[in-house]
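>>> Need a 3D model of the sequence below.
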Amino acid sequence: MNERQRLANLLRNCSKNLLLDQGMQAHGTVMKMGLGFDLMLSNDLIDMYCKCGRTGMACAVFDRMPERNVVSWTALMCGYLQNGNAKGSLSLFSKMGLSEIKPNEFTFSINLKASGFVGIAENGMQIHNMCTKSGFEWVTVVSNSILDMYTKCGRVSEAARMFNVMPVKNLITWNAMIAGYTLEGNGERALLLFREMQGMGEVPDEYTITSTLKACSGLGAIRQGSQIHSSVITRGFLCSVRTMIAGALVDLYVKCSHLTEAQRIFDQIEQKNLVSWSALILGYAQECNLLQAMDLFRQLRVSIHHQVDGFVLSSLMGVFADFALVEQGKQMHAFTIKIPSGLDISVTNSILDMYLKCGLTDEAEKLFNETPVRNVISWTIMITGYGKHGLGRKSIRLFHQMQSEDIEPDGVTYLAVLSACSHSGLVEECQEYFSRLCHDRRIKRNVEHYACMVDLLGRAGRLKEAKNLIDSMPLKPNVGIWQTLLSACKVHGDLEIGREVGETLLRLDGDNPVNYVMLSNIYAEAGYWKECERLRKLFKMKGLKKEAGRSWVEINKEVHFFYNKDETHPLTEKIHQKLKEMEQRIKSEIGYVHGVRFALHDVEEESKEESLRVHSEKLAIGLALVCGEVEKGHKTIRVFKNLRVCGDCHAFIKGLSKVLKVVFLVRDANRFHKFESGLCSCGDYW
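Residues are numbered from 1 along each chain as shown. As a prediction, the model looks like this:
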C-alpha cells in the first residue's frame with residue numbers, strides 16, 4: 001500500500017469515528033508530503049471535516065482545490081446539510097450548476113432533502129424537474145428523496161402522486177409516505193397505508209412504527225395504537241431501549257387519557273428522551289394532576305442526561321397560563337432565567353402569555369419592555385392580553401407602536417386588535433381596522449375577523465347590521481359566528497333575529513348543547529314558554545349535557561377547584577355560611593337582590609336563590625374569604641372560570657368589592673372582570 005492510500009484510509013477512519021485531532025494531524029502530513037492538491041485526499045479531507053462539524057475548514061480545503069469532481073461538490077453539500085445549513089447546500093448546488101460538473105444521484109438526493117428542510121417546494125420542484133430530464137427520477141434514492149421533499153413542504157398530494165407511480169418501493173418509501181400523511185393530520189390514510197405495506201410483505205421498522213403511533217395519537221385511536229403496541233412486543237422491539245417507539249407510545253397513551261399505561265411505559269425506558277418526559281408531564285398537567293406534573297418536572301431538571309428545552313418550558317408555561325397558576329408560573333419564570341433555552345423567544349412569549357392570563361398586566365408589560373428581541377407573536381400576545389382586560393386603547397397604541405418598529409401585523413394580530421376594540425366598545429376604531437384588513441391583499445381574511453365585527457355590532461345592539469354582515473360576507477359562515485350573533489340576541493332580548501339565528505344553528509350544529517340553552521333562554525325571557533319547553537325536551541331526548549361550570553382559586557400555593565353545587569370541599573359548610581353572611585351584608589348596605597332572572601337565560605340555567613348561591617365562582621370566592629385572604633392583607637382575590645360569568649354572580653361580586661373594599665379579578669371564558677368599589681372594568685358590557 002502506498003503512502004497516498006494509507007493517508008486516505010486514515011482520513012476515512014477519522015471521518016467514520018469523528019476523530020478530529022487525528023484528522024487534523026493527517027491533514028498536516030498531507031501538506032508536508034506535497035499532496036495538498038491531490039483530488040482524492042482533498043475529497044477525504046472535506047468529508048472528514050464535515051463529519052466532525054467543521055464545515056468552515058472543509059470549505060477552505062474545497063476553495064483551494066485546483067480541480068474538483070462531483071464527489072467534491074457533493075461531500076461539501078452533505079456537510080452543510082448534516083450541520084443544519086440546508087440553504088448553504090442549495091447555494092452550493094446552484095454554483096455547481098455553473099460549472100461543468102454534472103450532479104449524480106447523491107447530489108440530487110442531498111439537495112432534495114435540503115429543500116424539504118427549508119420548506120420551499122419551488123426549489124424542490126426545480127430539482128425534481130432536473131432529475132426527470134437527466135434520467136435520475138426513478139433511481140430509488142432520488143425518487144424517495146423527491147417524495148420526502150414534497151411531504152416536508154406540505155405538498156402531500158404531490159407526494160402521493162409520486163408514490164403511486166414509483167416503479168420500485170422500499171421501506172424508506174413507505175416510511176416517507178406514512179410520515180407525510182401523519183404530519184398532514186391524515187391519520188386514517190397513514191393507518192391504511194401501514195396495513196397495505198404489511199400486506200405487500202414489507203416489514204415495518206422503528207420509523208414506521210413511530211409514525212403510525214403518532215397517527216393513532218392524532219386520531220385518539222387507542223384500539224389501533226394498543227394493537228401496534230402488542231405487535232411491537234411480539235416483534236421483539238424492547239421499549240426500554242427503543243426510545244423513539246417508547247416516546248411515541250407514551251404520547252399515544254397520554255393523548256388517549258390512559259396515564260397509568262403511559263407512566264408504566266415511561267418507567268421502563270432506560271434512556272428517557274425529552275419527547276417522553278414532556279409528553280407525560282403535559283399529560284398529567286392537562287388532567288389537572290399538577291402535583292404529579294411538577295414532581296416529574298423537578299426530576300427532569302435534575303436529570304444529568306437532559307437539558308430542559310424551550311418546547312418543554314413553553315408547553316408547561318402554557319398549562320400554567322390556562323389554569324392561571326400564578327405562583328407556579330413565577331417560579332418557572334425564575335427558572336428560565338438560569339438556563340440557555342430560557343432565552344428562546346418562544347419561551348419569553350409563553351411567559352408573557354402566562355402573566356396576562358393570570359391577570360398580571362404590570363409584570364407582562366415590564367417583561368415585554370425588557371425583552372431585547374420581539375417578534376410579531378410577542379406584540380400579538382400583548383395586544384390580545386390588553387384586550388381581554390378591557391384596555392382597548394392600550395391595545396391600539398401597541399398596534400401602532402408595533403408598525404412604527406417595522407413589525408408587520410399578520411392575520412392573528414388583526415384579530416387581536418379587532419377583538420380588543422370589541423371588548424372595549426370602540427366601534428369606530430374597530431371599523432377602521434377592519435377596513436384596513438379588507439384592503440390589505442397580503443393578509444387573508446377569515447371568519448374570525450368577521451366574527452369580531454359581529455360581536456362588536458351585537459354588543460352595541462346593532463343586531464340587524466350584524467346579521468347583514470354575515471349574510472354579505474364572502475366566506476361561508478361557521479357555527480361560531482352564528483353563536484356570537486345569537487349571544488348578542490340573548491343579551492338584547494331580540495326574539496325575532498334570535499329565533500332565525502337559533503334555528504340556523506340547530507340545523508348546522510344540532511348536537512351542540514350550547515345552541516339549545518341559548519335559544520331556550522331567549523324564548524324564556526320573552527315568555528314563550530311552550531317554545532322553551534319544546535327545546536328543552538329535544539335537548540333531553542338527544543341525551544345532550546351542558547359543559548359543567550368550574551371555577552378555581554389559588555390559596556397558599558394550592559389550587560382549589562369547584563363545580564356548581566359542589567359539596568366535596570372539606571370547608572363546604574363554612575363556605576356556605578360565609579356566602580350567606582356576605583349576601584345579607586350587601587343586601588343591607590347596597591340593596592343587592594338575587595338576580596333570579598339570570599337563571600332563565602344564563603348558561604348555568606339555575607332556577608332558585610339557593611342554586612344561585614352555589615355557582616362555582618361564588619364557592620371559590622367563599623373559600624378565599626373563609627381562609628382569611630382579606631384579613632391577611634391581600635387586596636386582590638383572583639378567581640378563574642371555564643364558562644362565562646353569570647349575571648347574578650356579576651352583580652354579587654360588584655357588591656362584595658364595595659362592602660369589603662377588596663379587588664376581585666375574575667377571568668371567565670370571554671375576558672377579565674376587575675371588580676373594584678362596586679364597579680366592573682367591563683362596564684357591564686360582556
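>>> the helices in the stretch 1-150 of the chain, which residues?
If DSSP state H, counting those that start in this stretch is used as the criterion, the helices of the stretch 1-150 of the chain fall at 3-17, 20-32, 39-51, 55-64, 70-82, 86-96, 105-118, 121-134, 140-152.
>>> How about the stretch 551-686 of the chain?
572-590, 598-601, 609-613, 616-626, 647-660.
>>> helices and strands around the last one, which ones?
What that stands for is helix 647-660. Applying 3 or more Cβ pairs under 8 Å, 6 or more residues apart in numbering; DSSP states H and E, one finds that helix 647-660 contacts helix 572-590, helix 598-601, helix 616-626, strand 663-667, strand 672-676, strand 679-680. In short, each C-beta sits where N, CA and C put it, glycine included.
>>> Worst mean pLDDT among the ones you listed?
Lowest mean pLDDT within the helices and strands packed on helix 647-660: helix 598-601, a mean of 43.
>>> what sits up against the helix or strand harbouring residue 500?
Remark: residue 500 resides in helix 495-508, with elements defined by DSSP states H and E. Helix 495-508 is touched from outside by 463-464, 467, 479, 482-483, 485-486, 489-490, 512, 515-516, 518-519, 522-523, 526, 528, with contacts defined as Cβ atoms under 8 Å, 6 or more residues apart in numbering.
>>> now swap in stretch 349-360 and tell me
313-314, 317-318, 320-322, 324-326, 329, 332-333, 336, 361, 363-364, 367-368, 375, 377-378, 381-382, 384-386, 388-389, 638, 665, 667, 672.
>>> And residue 107, how far from residue 96?
Distance, residue 107 to residue 96, by Cβ to Cβ, to the nearest Å: 7 Å.
>>> right, and residue 258 touches residue 223 too?
No - using Cβ atoms under 8 Å, residue 258 is not in contact with residue 223; the gap is 11.5 Å.
>>> Those two: which has the busier surroundings?
Neighbour totals were compared for residue 258 and residue 223, and residue 258 leads with 17 against 8 (other Cβ atoms under 10 Å).
>>> mind checking how far that one is from residue 297?
Here residue 258 is placed at a distance of 21 Å from residue 297 (Cβ to Cβ).
>>> before we move on, what about residue 664?
31 Å.
>>> Please spell out the PyMOL selection for the buried subset of the contacts of stretch 349-360.
Buried residues within these, by 16 or more other Cβ atoms under 10 Å, are selected in PyMOL with:
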select buried, resi 313+314+317+318+320+321+324+325+326+329+332+333+336+361+363+364+367+368+377+378+381+382+384+385+386+388+389+638+665+667+672
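>>> Can you list which of the contacts of stretch 349-360 are found in helices?
Using DSSP state H, the subset of the contacts of stretch 349-360 located in helices is 313-314, 317-318, 320-322, 326, 329, 332-333, 336, 361, 363-364, 367-368, 377-378, 381-382, 384-386, 388.
>>> Generate TSV for the helices of the stretch 1-150 of the chain, with mean neighbour count and distance to residue 432 as supplementary columns.
As requested, the helices of the stretch 1-150 of the chain are exported to TSV (neighbours: other Cβ atoms under 10 Å; distance: least, Cβ to Cβ, whole Å):
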stretch	mean neighbour count	distance to residue 432
helix 3-17	16	62
helix 20-32	16	61
helix 39-51	24	55
helix 55-64	17	51
helix 70-82	23	48
helix 86-96	19	40
helix 105-118	23	38
helix 121-134	17	37
helix 140-152	24	41
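>>> can you put these in JSON lines and add mean pLDDT and distance to residue 447?
Shown next, in JSON lines, are those (pLDDT from 0 to 100; distance: least, Cβ to Cβ, whole Å):
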{"stretch": "helix 3-17", "mean pLDDT": "92", "distance to residue 447": "55"}
{"stretch": "helix 20-32", "mean pLDDT": "93", "distance to residue 447": "56"}
{"stretch": "helix 39-51", "mean pLDDT": "95", "distance to residue 447": "49"}
{"stretch": "helix 55-64", "mean pLDDT": "94", "distance to residue 447": "47"}
{"stretch": "helix 70-82", "mean pLDDT": "95", "distance to residue 447": "41"}
{"stretch": "helix 86-96", "mean pLDDT": "94", "distance to residue 447": "36"}
{"stretch": "helix 105-118", "mean pLDDT": "95", "distance to residue 447": "31"}
{"stretch": "helix 121-134", "mean pLDDT": "93", "distance to residue 447": "27"}
{"stretch": "helix 140-152", "mean pLDDT": "95", "distance to residue 447": "29"}
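>>> Of all the ones you listed, which one is nearest residue 451?
Distance to residue 451, taken as Cβ to Cβ, is lowest for helix 121-134 among the helices of the stretch 1-150 of the chain, at 31.9 Å.
>>> on contacts alone, who are the packing partners of that closest one?
Against helix 121-134 (3+ Cβ pairs under 8 Å, 6+ apart) you get helix 105-118, helix 140-152.
>>> among the ones you listed, which is nearest residue 215?
Among the helices and strands packed on helix 121-134, helix 140-152 comes nearest to residue 215, with 13.3 Å by Cβ to Cβ.
>>> starting at the chain centroid, how far to that closest one?
28 Å (Cα atoms, centre = their mean, to the nearest Å).
>>> which secondary structure elements does it contact?
Using 3+ Cβ pairs under 8 Å, 6+ apart, helix 140-152 sits against helix 105-118, helix 121-134, helix 156-165, helix 171-184.
>>> can you put these in CSV and add distance to residue 37?
Below are those laid out as CSV (distance: least, Cβ to Cβ, whole Å):
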stretch, distance to residue 37
helix 105-118, 23
helix 121-134, 30
helix 156-165, 42
helix 171-184, 38
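>>> of all the ones you listed, which lies closest to residue 459?
Here helix 171-184 is closest among the helices and strands packed on helix 140-152 (Cβ to Cβ), at 38.6 Å.
>>> tell me the mean pLDDT for the helix or strand just after the closest one?
Next in sequence after helix 171-184, counting helices and strands by DSSP H and E, comes helix 187-199. Averaged over helix 187-199, pLDDT sits at 94.
>>> so how many other residues sit close to residue 299?
Residue 299 has 12 nearby residues by other Cβ under 10 Å.
>>> The strand or helix carrying it to helix 326-336, inter-axis angle?
Using DSSP H and E, residue 299 sits within helix 290-302. Calculated by axes from the mean of the first three to the mean of the last three Cα atoms, to 10 degrees, helix 290-302 forms an angle of 10 degrees with helix 326-336.
>>> Return the list of helices and strands in contact with helix 290-302.
helix 274-286, helix 310-322, helix 326-336.
>>> Can you say which of the helices of the stretch 1-150 of the chain is nearest to residue 580?
Across the helices of the stretch 1-150 of the chain, residue 580 has its closest neighbour in helix 140-152 (63.1 Å, Cβ to Cβ).
>>> quick one: contacts of the closest one?
With Cβ under 8 Å, 6+ apart as the test, helix 140-152 has contacts from 105-106, 108-109, 112-113, 115-117, 119, 121, 124, 127-128, 131, 136-137, 156, 158-159, 162-163, 166, 168, 170, 172-173, 176-177, 179-180, 183-184.
>>> hmm, try it at 6 Å
105, 108-109, 112-113, 115-116, 124, 128, 131, 136, 158-159, 162-163, 166, 168, 172-173, 176, 180 (Cβ atoms under 6 Å, 6 or more residues apart in numbering).
>>> same check, this time on stretch 572-587
Against stretch 572-587 from outside (Cβ under 6 Å, 6+ apart): 592, 613, 618, 619, 622, 623, 625, 626, 655, 656, 659.
>>> In that stretch, which residues are buried?
Of the residues in stretch 572-587, 572, 575, 576, 578, 579, 582, 583, 586 count as buried by neighbour count, 16+ other Cβ under 10 Å.
>>> Serialize the residues you listed to a markdown table and add fields for distance to residue 289.
Formatted as a markdown table, the buried residues of stretch 572-587 follow (distance: Cβ to Cβ, whole Å):
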| residue | distance to residue 289 |
| --- | --- |
| 572 | 23 |
| 575 | 24 |
| 576 | 28 |
| 578 | 29 |
| 579 | 29 |
| 582 | 32 |
| 583 | 35 |
| 586 | 37 |
